[in-house]
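Engineer: Next one to model:
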Amino acid sequence: MTDRLLLVGMMAVGKTTVGELCAKKLGWSFLDSDAQLLAETGRTAQEIFDSEGDEALRTLESHVLAEAIAQPLPVVIAVAGGVVLSEANRSLLERSGVVVWLRATIATLSERVEHGGVRPRLGADPAQSLRDLYLTRHPLYASVAGFVIDVDDLPPEEVVARIFDDTGLGDVEQ
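Structural biologist: Now for the predicted structure:
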């Protein structure tokens, strides 16, 4: 049995919402990489990307991931979408707990980001940017995931139920 649930996936897939629900149901702590990044730097991922570029953002996200994993257990972590671009981060994820890939189609992600505010790297053509990111990251998420949940047509509560059913974490509910 693990004391860490790590949720990976593209931006707007629902990692924060699902992570909060899982943590509440388990009675565990919850950490969100984007919130940690903001708390540590006083800036959003978009602001860091705009002012310092992609490499600086990825370095900070790696730092935040390592800090989250080092936290006292048990914890649910909503992992920043781009963390999987680093081989070191992928290795850290694989050995640090149950990794669940929340997977959605590009159409679902496009619809969600259209209504969800500014996102790093999406620029003037968010749909095309999402396609490009998805093609790069899809095999990386697959390489670290112990479990995959397709979330397109599911409400967050159903995603949580599937996570618990698939991983056996439901057996530790308090």
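
Engineer: Test my guess that residue 140 contacts residue 87.
Structural biologist: No: counting by CB atoms under 8 Å, residue 140 stays clear of residue 87, with 9.2 Å between them. (C-beta placed from N, C-alpha, C; glycine too.)

Engineer: what about the helix or strand bottoming out on mean pLDDT in the chain, distance to the chain center?
Structural biologist: The helix or strand of the chain with the poorest confidence is helix 106-115; it has a mean of 78 (mean pLDDT, DSSP states H and E). Taking CA atoms, centre = their mean, to the nearest Å, one finds the center of helix 106-115 at 16 Å from the center of the full chain.

Engineer: That one packs against which elements?
Structural biologist: When contacts are defined as 3 or more CB pairs under 8 Å, 6 or more residues apart in numbering; DSSP states H and E, helix 106-115 sits against helix 126-144.

Engineer: and the helix it packs on, what's its mean pLDDT?
Structural biologist: In this model, helix 126-144 has a mean pLDDT of 88.

Engineer: Buried residues of the very next helix or strand once past it, list them for me.
Structural biologist: Following helix 126-144 in sequence order, the next helix or strand is strand 147-150 (DSSP states H and E). For strand 147-150, the neighbour count (16 or more other CB atoms under 10 Å) marks 147-149 as buried.

Engineer: Distance to residue 33 and pLDDT added to the residues you listed, as CSV?
Structural biologist: As requested, those are exported to CSV (distance: CB to CB, whole Å; pLDDT from 0 to 100):
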residue, distance to residue 33, pLDDT
147, 19, 97
148, 20, 97
149, 19, 97
